[in-house]
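Compute the structure for the input listed below.
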Amino acid sequence: MRVLSSLQNPTAYPVRVVDVSRQGSYLLTFGEMLAICRAVVEALSDPMALGVVVTHGTDTMEETAFLVDLIHDDPRPIVFTGAQRAADSPEPDGPDNLARAIAVAGSIEARGRGVLLCFAGRIFPARGVRKTHTRSLDAFANPDFGPAGSVTETGEVRMGELLPRADALPLPTSGVDHLRVDMVAAHPGADSMLLRASLAAGAAGVVLQGTGNGNANPSMCEAVAEATAAGVVVVVSTRVHAGPVVPVYGNGGGKDLVAAGAIPSGLLRPSQSLILLGLLLRTGASHDEIARTFSQCGAPP
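Now for the predicted structure:
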């Protein structure tokens with residue numbers, strides 16, 4: 001209620017506040033993000049609810065928003081927002097972001113679009129969204145899937161083309177929060193030590209942050225082959241800002257990684273690849289099912 005009391009004008013729609021967690025988003029675990037998913041599902045069990053707004057720290061908003069989007073099977077909008085400035089700063093941006101997000105969550109125009117992220121008046125689909133600036137008030141972008149629309153200071157919502165959505169995935173049962181999924185980066189001079197350390201620690205899946213269009217080197221490729229042969233699922237993404245992962249090069253590049261059993265992430269960047277892989281492994285998906293889902297979720301719009 002404290003956040004709502006900071007709004008200068010009445011909200012566009014009546015609001016019921018539910019506290020799920022109060023901590024910096026950089027501290028969240030996968031299990032805590034699943035708790036947010038369950039809270040959203042519970043909120044939407046009320047047939048009178050027009051939509052849901054989730055206030056969330058900006059550090060990992062792209063992960064949690066995507067996770068909720070993956071399990072969301074209701075036409076009503078779920079809108080994530082947050083703030084770059086502290087609430088006690090001379091000119092906080094949180095109240096304006098919240099007011100606009102409430103307007104989006106209640107609007108007919110936003111229905112059927114899954115989870116959205118509303119920040120600084122711009123609206124993005126959760127899939128593909130990422131934080132692109134550490135301090136700017138206009139902190140998010142979606143370079144591959146583009147913006148979904150915009151919302152004015154007075155709450156007028158304008159939405160663009162409706163993007164296709166994949167079928168919702170099931171929420172995992174409780175008791176699977178301990179499952180380990182790691183991210184390992186390829187870089188000039190990298191060897192396979194960190195990847196092998198992840199495997200030794202019991203990782204069920206690994207996201208390899210490749211270079212270029214999804215490349216590594218022969219040493220890492222050899223470790224990927226050993227991992228996949230042992231039943232560990234490896235997904236290869238890229239550190240590049242935009243564009244798909246395309247297996248082209250040999251000699252430890254993307255072509256060899258796929259031959260070693262790695263799954264290309266398509267347009268999904270490492271942060272959201274980690275979320276999708278973690279969810280699929282927690283629901284017991286097979287390697288082939290995981291590959292098909294990445295092909296769908298990482299496909300161009």
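
how about the helices in the chain?
With DSSP state H as the criterion, the chain has helices at 2-5, 30-43, 61-71, 94-105, 193-200, 218-229, 254-259, 270-282, 287-297.

Distance to P247 added to the ones you listed, as CSV?
For the C-beta atoms, the positions are set from N, CA and C on the backbone; glycine is no exception. Output for these, formatted as CSV (distance: least, Cβ to Cβ, whole Å):
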stretch, distance to P247
helix 2-5, 46
helix 30-43, 28
helix 61-71, 23
helix 94-105, 38
helix 193-200, 18
helix 218-229, 11
helix 254-259, 4
helix 270-282, 15
helix 287-297, 13
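
Out of the ones you listed, flag the one nearest R122.
Comparing these by their distance to R122 (Cβ to Cβ), the top pick is helix 94-105, with 9.4 Å.

Run the chain-centre distance for the closest one.
Relative to the centre of its chain, helix 94-105 is centred 20 Å away, using Cα atoms, centre = their mean, to the nearest Å.

So for G210, which of the helices of the chain sits nearest?
helix 254-259 (6.8 Å).

The helices of the chain: lowest mean pLDDT?
Across those, helix 2-5 has the smallest mean pLDDT, namely a mean of 62.

follow-up on the earlier one: distance to D88 and mean neighbour count added to the helices of the chain, as JSON lines?
Below are those laid out as JSON lines (distance: least, Cβ to Cβ, whole Å; neighbours: other Cβ atoms under 10 Å):
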{"stretch": "helix 2-5", "distance to D88": "11", "mean neighbour count": "10"}
{"stretch": "helix 30-43", "distance to D88": "25", "mean neighbour count": "18"}
{"stretch": "helix 61-71", "distance to D88": "21", "mean neighbour count": "25"}
{"stretch": "helix 94-105", "distance to D88": "11", "mean neighbour count": "23"}
{"stretch": "helix 193-200", "distance to D88": "40", "mean neighbour count": "17"}
{"stretch": "helix 218-229", "distance to D88": "46", "mean neighbour count": "20"}
{"stretch": "helix 254-259", "distance to D88": "48", "mean neighbour count": "21"}
{"stretch": "helix 270-282", "distance to D88": "29", "mean neighbour count": "24"}
{"stretch": "helix 287-297", "distance to D88": "39", "mean neighbour count": "16"}
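
Out of those helices, which gets nearest to R239?
In terms of Cβ to Cβ, the element of the helices of the chain nearest to R239 is helix 270-282, at 7.3 Å.

on that earlier part again, out of the helices of the chain, nearest to F124?
Of all the helices of the chain, helix 61-71 comes closest under Cβ to Cβ, at 9.0 Å.

Hey, what's the angle from the closest one to helix 270-282? Just curious.
Relative orientation of helix 61-71 versus helix 270-282 (axes from the mean of the first three to the mean of the last three Cα atoms, to 10 degrees): 40 degrees.

And helix 61-71, what does it pack against?
Judged by 3 or more Cβ pairs under 8 Å, 6 or more residues apart in numbering; DSSP states H and E, the packing partners of helix 61-71 are helix 30-43, strand 52-55, strand 78-81, strand 115-119, strand 130-131, helix 270-282.

which stretches of the stretch 101-250 of the chain aren't confidently modelled?
For the stretch 101-250 of the chain, applying pLDDT under 70 flags the ranges 174-177.
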